[in-house]
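Student: From the sequence below, what's the structure:
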Amino acid sequence: MEILNVTLERLGLRSNRRVLIVYYIMLPSLLMGALLMYQISNFGLFEGKGLYKTNVLEEGKPLNVTDSKVLEGEGKPRNVTTSKVLEGEGKPRNVTASKVLEGEGKPQNVTASMVLEGEGKTQNVPASKVLEGRSQSITASSSGSKNESYIGTKVDSSPNTITRVPMVKLLGGLLAPGFDEGTCISRYHSYLYHKASPRKPSPYLISKLRNYEDLHKQCGPHSKSYNKTVTRLIKNSKINFTTRCSYIVWKGSNGLGNRMISLSSVFLYAVLTDRVLLVEFRHDMSGLFCEPFPNSSWEFPGNILTTSYLKHLQTYESLVQNNMANTTKWVLPSILYLNLQHSREHDKLFHCDHSQDLLRKIPALILLSDQYFVPSLFMTPYFKQELSKMFPEKGTIFHHMGRYLFHPSNKAWRLISSFYDANLAKADEKIGLQIRVFNTRKSPYQTIMASILECTLNNKLLPELDMRKSVPSPTKNRTFKSVFVASLHSEYAENLTNMYWRKPTVTGEIIQVYQASHEGKQKPGDNIQNMKAWSEIYLLSLCDVLVTSSKSTFGYVAQGLGGLKPWILYRSWGEKIPKLCQQALSMEPCFHYPPKSDCNAKNKVDITSVFPYMKACEDFIPGVKLVD
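Tutor: Below is the predicted model:
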C-alpha cells in the first residue's frame, strides 16, 4: 500500500483520484471472491453421496431415504447451511437433512422415525421397521411436486399456514388429515407397523368419505340438528316430523369380532343413504377405539337403548306383517327398530328395493346386528352401481372401511406397540395363529393341535423338525420366524414352544412363539378382556401370514385390517382330524346368514349363481363372501 501511495504522489494525482484508482484495482478481486462463495454455498448437500440440493428441493423426485443417508452412516445429524431455497428469503439458516426433506428450515436432531413419518416428533421406532420395508419411500419434494405424496390441510385461520401430511400416513388418502395426533397416536402411526397395502382406495370412495365427514360434522352430536331431532325422538318416538338430518344408531351384539364387522356394515349403509352414524358403546366397549370422524363424535348417549325402550318401538318386522309398507293410510313412525341378527327372517328382506323405499322416509333407525351384511347391499339395485364405483375391487371393502373406522385408542395402542416392539419387530417373518375352540368337549386339544401342525407344515408355513440333531446350531446369519398365537387357551403356544425348543429345524430357521394372553374362557361384558382381544386382533393383522379358525369373526377382522388371505383351519369334531386347511379366496368376512328368498319372498335363490362376485364361504357353506 505504501508503494502504491509513493507511486501516486510521483504521478502528482490528487487524493480523490487516488481513491478512485484503488477502487477499480480492488473491484475484480471482490467480485471473484463473492462468486466463489456463492458457488460453494450451492453445492450438493450430501457431498460424495450423489445427492444434490436441487434434486431434493426443486425436482420433486422420490428418493429412497434411509437413516444411513440422512445421518451419513455415522449416526450423527449434520447441519447444512442453505439460503433462499426454503422460504425465498435471503437469510441463511441451519437446516437438518430431515427438514430439507420436509420443506422446513428448523434444525432438529434427526432420528429414523422422523424420516419415516416426515415430521419432527421423535419416537422409539425399532430399526427393523426401517429395514423391513414397512415404511414407504419418502418423496422429498417442493411445493410444486407432481407426485402428490403429501396432502395439505389448513390448521389455523391463516390462509397460508398448512400442515403437509405424507400420503402414506393417510393410507393413500383413506384417512382425513387434521386430527390432533396426540389424541389418537395409532391413526397416523399404524403405517409404521403394517406393511404398505397394495390395495388403494378409489378416488370416488375417498370423496364419499370426505362428504360423509362434512355431514357428520353438521348433524352429529352437539350440533343444532342433533340436539333438536335426536333428543326429541328419544323422548317420544311416536311424534312424526320431518328433519334435515337422518340418523342410524348402531347397537351391537355378541362378541367383539361380530360387533366390528356389523358396525362396518352399518357405516357403509350410512354413507350410501346419507345418514349420520351413531354408536351405542356400553361399558365393555368403552375406550377401545379412537373417534373416527374429525371435529365430531360418533357416540350415542349410553343406557338409553334399553330392552324396555326397544320393546315400545315399532319394528320393521311389524310393518311387513301389517303390510304397512305398501299402503298410504298408515302414518309411518319417526323412529324404527331393525333387527338384522342371524336369527331373524322377516328383516332379511332388508336388501329389497321396496324396503329401502320405506326406510328412506323414516328419520331415525336403530339397527341391531351381529352380521357382516355388506353382500346384501350389492343385492340392492339402488346401491349396486354406487358400490361398484366406490369399490372397483369388491374383495377390499372391509379392508378399507375397517382401516378407516377402527383405530386403537392410546391405551390399546400402548399394549399393541409395546408387545410388537419387544417380541415381533425383529423377526424376518411373522406368522399369526388364531385358534378359536367353540366346544372344548367336542374338539379335544390333541385333535386341534394335530390340525394346526398338518396345516402349517404341509403348506410350508412352519418348517419340519430335524430329528437327526438334538442341539440347534449357532444362530448367526439364520432366519428368525415369530409365531404369534391368539387363543383363550395356552396349550397350543406351549406345545409349539416345546416342539421348536428341543429340536432344530431342517431349514435352519429359528422359531420363536409368543402369546399375549390366555383368558381361558370368553367373558361377555368384560371391558378388560375386550381390550386384550382388540389388541390381539390388531397384532394378528400385523403378521405376514395368517392362520385362522373357521367361522371366527375375530379372525375376519384381523385378516381384513391386515389385507391378508388367511389359511382357514376347519372345525374338528371328536378325535377325527378335519380336512386340510384351505386359503381364503379373499380377505372379506363371511356373511353367515344371507337372504335365501327373492324380494317377493316366494322363491329360494342361489345368490352365488346370480352375483358372480359372491362365492360360498370356505368356512361356512351357507354363507357368502365378496371376491374380486
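Student: pLDDT weak spots in the stretch 351-500 of the chain?
Tutor: Along the stretch 351-500 of the chain, segments meeting pLDDT under 70 span 470-477.
Student: Break down it into its strands, ranges please.
Tutor: For the stretch 351-500 of the chain, the strands defined by DSSP state E, counting those that start in this stretch occupy 364-369, 429-435, 480-487.
Student: Show residues contacting the last one.
Tutor: What it means is strand 480-487. 423-424, 426-437, 462, 492-493, 496, 509-516, 518, 536-537, 539-540, 543, 554, 558 (CB atoms under 8 Å, 6 or more residues apart in numbering). All C-beta spots, glycine's among them, are computed from the backbone N, C-alpha and C.
Student: so how far does stretch 539-558 reach from one end to the other?
Tutor: Using CA to CA, to the nearest Å, one end of stretch 539-558 lies 8 Å from the other.
Student: And for stretch 426-442?
Tutor: Distance across stretch 426-442, first residue to last, is 38 Å (CA to CA).
Student: Now that stretch: buried residues?
Tutor: By neighbour count with 16 or more other CB atoms under 10 Å, stretch 426-442 contains the buried residues Ala427, Lys430, Ile431, Gly432, Leu433, Gln434, Ile435, Arg436, Val437.
Student: pretty sure the second one is touching Leu540, no?
Tutor: No - the pair formed by Lys430 and Leu540 falls short of the contact definition of CB atoms under 8 Å, at 9.5 Å.
Student: before we move on, the earlier item: for the strands of the stretch 351-500 of the chain, give me a markdown table that also has distance to Lys615.
Tutor: Converted to a markdown table, the strands of the stretch 351-500 of the chain look like this (distance: least, CB to CB, whole Å):
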| stretch | distance to Lys615 |
| --- | --- |
| strand 364-369 | 22 |
| strand 429-435 | 22 |
| strand 480-487 | 26 |
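Student: out of these, nearest to Pro381?
Tutor: strand 364-369 (20.2 Å; CB to CB).
Student: Please name the strands paired to the closest one in the sheet, noting orientation.
Tutor: According to DSSP bridges, strand 364-369 forms sheet pairs with strand 246-252 (parallel), strand 335-339 (parallel).
Student: Tabulate those in CSV, adding columns for mean pLDDT.
Tutor: As requested, the strands paired with strand 364-369 are exported to CSV (pLDDT from 0 to 100):
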stretch, mean pLDDT
strand 246-252, 93
strand 335-339, 90
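Student: Turn the ones you listed into a markdown table, columns for mean neighbour count and distance to Gly287.
Tutor: Shown next, in a markdown table, are those (neighbours: other CB atoms under 10 Å; distance: least, CB to CB, whole Å):
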| stretch | mean neighbour count | distance to Gly287 |
| --- | --- | --- |
| strand 246-252 | 23 | 16 |
| strand 335-339 | 22 | 27 |
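Student: now the ones you listed as JSON lines including distance to Arg282?
Tutor: Conversion of the strands paired with strand 364-369 to JSON lines gives the following (distance: least, CB to CB, whole Å):
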{"stretch": "strand 246-252", "distance to Arg282": "9"}
{"stretch": "strand 335-339", "distance to Arg282": "17"}
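Student: Tell me which of those strands sits nearest to Lys394.
Tutor: Nearest of the strands paired with strand 364-369 to Lys394, taken as CB to CB: strand 246-252 at 22.9 Å.
Student: Just the C-alpha atoms of the closest one, please, in PDB.
Tutor: Output of strand 246-252 as PDB, limited to C-alpha atoms (Å, rounded to 0.1, in the frame of the first residue of the first chain):
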ATOM      1  CA  SER A 246     -81.300 -38.600   9.100                       C
ATOM      2  CA  TYR A 247     -79.700 -40.900  11.600                       C
ATOM      3  CA  ILE A 248     -78.900 -44.600  12.100                       C
ATOM      4  CA  VAL A 249     -77.900 -45.800  15.600                       C
ATOM      5  CA  TRP A 250     -75.900 -49.000  15.700                       C
ATOM      6  CA  LYS A 251     -76.400 -51.400  18.500                       C
ATOM      7  CA  GLY A 252     -74.100 -54.400  18.600                       C
END
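Student: can you list the domains in this structure?
Tutor: 2-41, 53-165, 203-405, 416-584 (automatic domain parsing).
Student: per-residue pLDDT, Ser237?
Tutor: For Ser237, the pLDDT comes out at 54.
Student: Nearest to Lys361 among the buried residues of stretch 426-442?
Tutor: Nearest member of the buried residues of stretch 426-442 to Lys361, counting by CB to CB, is Arg436, at 41.5 Å.
Student: I'd guess Val513 is in a helix, am I close?
Tutor: No - Val513 is assigned strand when assessed by DSSP: H, G, I helix; E, B strand; the rest coil, not a helix.
Student: Please verify my assumption that it contacts Asn495.
Tutor: No - the pair Val513 / Asn495 is not scored as a contact, 9.0 Å apart, by CB under 8 Å.
Student: who's more crowded, the two?
Tutor: A direct count of neighbours by other CB atoms under 10 Å for Val513 and Asn495 places Val513 higher, at 22 against 17.
Student: any idea how far Gly555 is from Trp413?
Tutor: According to CB to CB, to the nearest Å, Gly555 stands 21 Å off from Trp413.
Student: which of the two has more neighbours?
Tutor: Neighbour totals were compared for Gly555 and Trp413, and Gly555 leads with 29 against 21 (other CB under 10 Å).
Student: if I pick that one, what's in contact with it?
Tutor: For Gly555, counting by CB under 8 Å, 6+ apart, the contacting residues are Gly257, Gln434, Arg436, Leu540, Leu546, Thr548, Ser549, Pro566.
Student: try it again with 10 Å
Tutor: By CB atoms under 10 Å, 6 or more residues apart in numbering, the contact list for Gly555 reads 257, 432, 434-436, 486, 537, 540, 546-549, 564, 566, 568-569, 584, 589, 619.
Student: circling back: which one of the domains of the chain has the lowest average pLDDT?
Tutor: Per-stretch mean pLDDT for the domains of the chain is lowest at domain 53-165 (a mean of 37).
Student: Could you report the neighbour count for Ser517?
Tutor: For Ser517, using other CB under 10 Å, the count is 17.
Student: can I assume it is in contact with Ser490?
Tutor: Yes - with contacts defined as CB atoms under 10 Å, Ser517 counts as touching Ser490 at a distance of 9.2 Å.
Student: can you pull the buried residues of stretch 567-583?
Tutor: Per 16+ other CB under 10 Å, stretch 567-583 contains these buried residues: Trp567, Ile568, Leu569, Tyr570, Arg571, Ser572, Ile577, Pro578, Cys581, Gln582.
Student: surely the fifth one meets Thr548?
Tutor: No - under the contact definition of CB under 10 Å, Arg571 does not touch Thr548, with a separation of 11.8 Å.
Student: Between those two, which contacts overlap?
Tutor: Listed as contacting both Arg571 and Thr548 by CB under 10 Å, 6+ apart are Arg436, Asp619.
Student: For the nearest residue to Leu457 once chain neighbours are set aside, give me its contacts.
Tutor: Nearest non-adjacent residue to Leu457, counting by CB to CB, 6 or more residues apart in numbering: Glu464, 6.0 Å away. Residues near Glu464 by CB under 10 Å, 6+ apart: Leu453, Leu457, Lys503, Thr505, Val506, Thr507.
Student: Tell me which residues touch the last one, please.
Tutor: If I follow you right, that is Thr507. Thr507 neighbours (CB under 10 Å, 6+ apart): Lys460, Leu462, Pro463, Glu464, Asp466, Arg478, Thr479, Lys481.
Student: What of the fourth one?
Tutor: Contacts here follow CB under 10 Å, 6+ apart; on that basis Thr505 touches Leu462, Pro463, Glu464, Leu465, Asp466, Lys469, Pro472, Arg478, Thr479, Lys481, Ile511.
Student: What number of residues are in the vicinity of Thr608?
Tutor: Residues contacting Thr608 under the criterion other CB under 10 Å number 15.
Student: circling back: which neighbours do Lys430 and Leu540 share?
Tutor: Joint contacts of Lys430 and Leu540 (CB under 10 Å, 6+ apart) are Phe484, Leu546.
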